[in-house]
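Participant: What follows is a predicted protein model with its sequence.
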Amino acid sequence: GFVEAHTGEIIKTEPVITDYSATGTFNTRYSGSQTATTQYYNSTYNLCDSSRAAIIRTRNNENHEMTWYANATEFTDNNNIWTTYEHSSNYDDMALDIHWALQEIYDFFDDEFSWDSYNDAGHAINAYAHAIMDGDKDNAAWHNIYHRLFFGDGESTFKPLASLDVVAHEYGHGIEHLNPNLGNTTVERALKEGLSDIWGAVLEYNIAPAKVHWKIGEEIMDNGKDCLRNIQNPKASNAHTPMADTYGSTTYNNGNYYVKSGVFSHWFYLLSEGGSGTNDLSNDYLVYGIDIDCATEIIFEAEIDHFDGVDSYTEARTATIDAAEELNGVGSLEVMQVQNAWYAVGVGTEPDQISISGESIVCSSPNETFTLHERPSGSTVSWTPSSNLSYVSGQGSNNYIVKAAPLAAGPGWVEATISDCGDVTVRENIDWVGVPDPDIDGNEYPECYVSEWYFLDPEDMWGEGYYWHTDYKLRIIGSRYGHKALVEPLEEGPGQIFCDVMNTCGTGYGRLVVWIECGFFMISPNPADDYVEISIDESKIVENNIDEYEVKIYNGMNIMVSQIRTRKPTLRINTRQFINGIYTVHFITGDKLQVEQLVISH
């Protein structure tokens, strides 16, 4: 203010601050409600952030070509609450996504790597919504000459191209251009696209972890496709651009640089998450993931300090190995998995692999040792056994000693967790722990003389010797010494099937109780007075080829009191001469026997 020196009168005032930063509330198109820094000038709030070391501006290119950027206008709001109602028309809210995302991306690199803007020198970050790229609205781009970011409204393939992973992808191109400055051969462009997709995934994972970070552009698709590119499953048919996942494959050799880029981005996925399988070169692979945070440290170190002059996938492999060695040491866990991931995507030879060896059966005595092979240098190891194992010694070493826990039975395992930047867990499965505990499966209600197969439960097929046997109501007619047995019931009522299973720990005894149903013959009435009628199920006559049967009746002293052989399906027997009591009736057809009780009561 201006003050009259003699009287102290305030003659005139001027605002002290006419340009200041503020925190705005954004209703973004793709990421919900967010807060971001804006700047107040010209009596309104603008998408400008000068609170960071690098200035960030997002402006309106008003659906002109990129060359028009010098004429771009401001996106403004009168109260710094940028609502959908105010800004969704003409897709203006895409600018809110862009402006918020750029601040979050800047902060990620600053916080994680102390890296300032694209070039670690505070390069201005200028972005333009509603841009057209060589007549195409279905595009987003980093411009290598203007050093600016442009985002189209979408047209037939895409919605407005302003989702977090799309902004991160283009920001990644800015880092690539201003640092290693990869060239423009097909392979170099593939490396650049793969590297930018990697940053798209990394930044989405860190800034908005609820999003699907291994898919690029999943929020902007407008053509029925699931995503633009799928890093986890590069060849996914529901992606707009299916990619190669193996260097030198038919898909790779016939593809453009976007297709070829899948080799690099999928390498990073495997390094982060791990995976196993057979690649398109018919090579079997196994990668233990070191987690995305540790993988991110390696890719940043490789890009900034090791990628200059890289123009092939072989050189990219060398650059990432060098970066991992610099960060974690030669022979480290991370170096080993960097090499394994490259082998998985068809680059380089198969490296050594971490593994565990040990016995397939563990008893309570003697103790068994499990050995960790190819333990990475500089790592620590922690062992974990399954609950049916008891720890003996060796925690933290390469040799871990265990034995079967008391009363233990069943499959088991030991795991070794190797720790460095990330953790890798390797498991060795054990076929069986302790004495066998057989569990017999099969029909618990068999019919007389109808043979049935009985099996050991699939999880119990681990023994070194098997012996099947039964009680007198059944008999074994096949495969007594294997994992299954063919059993024939002989007499109605409860019966038992046994299987003794042996391994080096001892013998376990399996037992299954069954109820045998014969039902060929029927007695009526029962109890009987003057007569009893015997009838045979005629369907059984056909089914069992019965043309004659014999009936024998025994009294309570096991003395036969009647014997009849007949071919008739129904037989009537006079019982007047029988004294009251309980009799046993035997029905005999060939070598088959059915036994029933008959009560006589005059």
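Facilitator: Sure thing, it's come through.
Participant: For residue 267, grab the count of nearby residues.
Facilitator: Residue 267: 30 surrounding residues under other Cβ atoms under 10 Å. Glycine gets a C-beta too; all of them are placed from N, C-alpha and C.
Participant: Residue 69: what's it in contact with?
Facilitator: Residue 69 is in contact with 59, 61, 126, 128, 131, 146, 148, 150, counting by Cβ atoms under 8 Å, 6 or more residues apart in numbering.
Participant: Which strand residues bridge the first one?
Facilitator: If I follow you right, that is residue 59. residue 74, residue 128 (DSSP bridges).
Participant: What's the separation between residue 212 and residue 51?
Facilitator: Distance, residue 212 to residue 51, using Cβ to Cβ, to the nearest Å: 31 Å.
Participant: Apologies, that question was intended for residue 101.
Facilitator: 16 Å.
Participant: try residue 394
Facilitator: Separation of residue 394 from residue 51 (Cβ to Cβ): 55 Å.
Participant: can you put the contacts of residue 69 in CSV and add neighbour count, pLDDT and secondary structure?
Facilitator: As requested, the contacts of residue 69 are exported to CSV (neighbours: other Cβ atoms under 10 Å; pLDDT from 0 to 100; DSSP: H, G, I helix; E, B strand; the rest coil):
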residue, neighbour count, pLDDT, secondary structure
59, 24, 98, strand
61, 23, 98, strand
126, 19, 98, strand
128, 26, 98, strand
131, 30, 98, strand
146, 15, 96, coil
148, 23, 98, strand
150, 24, 98, strand
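Participant: for the chain, what's the longest helix?
Facilitator: As assigned by DSSP state H, the longest helix anywhere in the chain is helix 186-207.
Participant: What residues sit buried inside that one?
Facilitator: Across helix 186-207, burial judged by 16 or more other Cβ atoms under 10 Å covers 187-207.
Participant: contacting residues for residue 422?
Facilitator: Applying Cβ under 8 Å, 6+ apart, the residues near residue 422 are 289, 290, 291, 293, 294, 295, 333, 334.
Participant: Using neighbour counts, trim those to the buried set.
Facilitator: Among the contacts of residue 422, those classed as buried by 16+ other Cβ under 10 Å are 289, 290, 294, 295, 333, 334.
Participant: Looking at these, which one is closest to residue 514?
Facilitator: Nearest to residue 514 out of those is residue 289 (Cβ to Cβ; 49.5 Å).
Participant: Leaving out the residues flanking it, which one is nearest to the closest one?
Facilitator: Spatial nearest neighbour of residue 289, chain neighbours left out: residue 274 (3.1 Å); criterion: Cβ to Cβ, 6 or more residues apart in numbering.
Participant: what do you get for residue 204?
Facilitator: Closest residue to residue 204 in three dimensions, ignoring its sequence neighbours and counting by Cβ to Cβ, 6+ apart: residue 213, at 4.2 Å.
Participant: Which of the three states applies to that neighbour?
Facilitator: coil (DSSP: H, G, I helix; E, B strand; the rest coil).
Participant: burial measure for it, as a count.
Facilitator: For residue 213, the count of nearby residues is 24 (other Cβ under 10 Å).
Participant: With neighbour numbers in mind, choose between residue 394 and residue 51.
Facilitator: Using other Cβ under 10 Å, the more surrounded residue of residue 394 and residue 51 is residue 394, with 18 against 15.
Participant: Show the pLDDT at the more buried one.
Facilitator: Per-residue pLDDT puts residue 394 at 97.
Participant: For it, list the residues it contacts.
Facilitator: Each residue near residue 394 by Cβ under 8 Å, 6+ apart is listed here: 369, 383, 400, 401.
Participant: Residue 399 too?
Facilitator: Residue 399 neighbours (Cβ under 8 Å, 6+ apart): 369, 370, 371, 372.
Participant: and those as CSV, adding secondary structure?
Facilitator: Shown next, in CSV, are those (three-state DSSP):
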residue, secondary structure
369, strand
370, strand
371, strand
372, strand
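Participant: filter those to the buried ones?
Facilitator: When the contacts of residue 399 are checked for burial by 16+ other Cβ under 10 Å, the buried set is 370, 371, 372.
Participant: Contact partners for the residue lying closest to the last one once chain neighbours are set aside?
Facilitator: Take residue 372 and drop its neighbours on the chain: the residue closest to it by Cβ to Cβ, 6+ apart is residue 398, 4.6 Å away. Taking Cβ under 8 Å, 6+ apart as the definition of contact, the neighbours of residue 398 are 371, 372, 375, 381.
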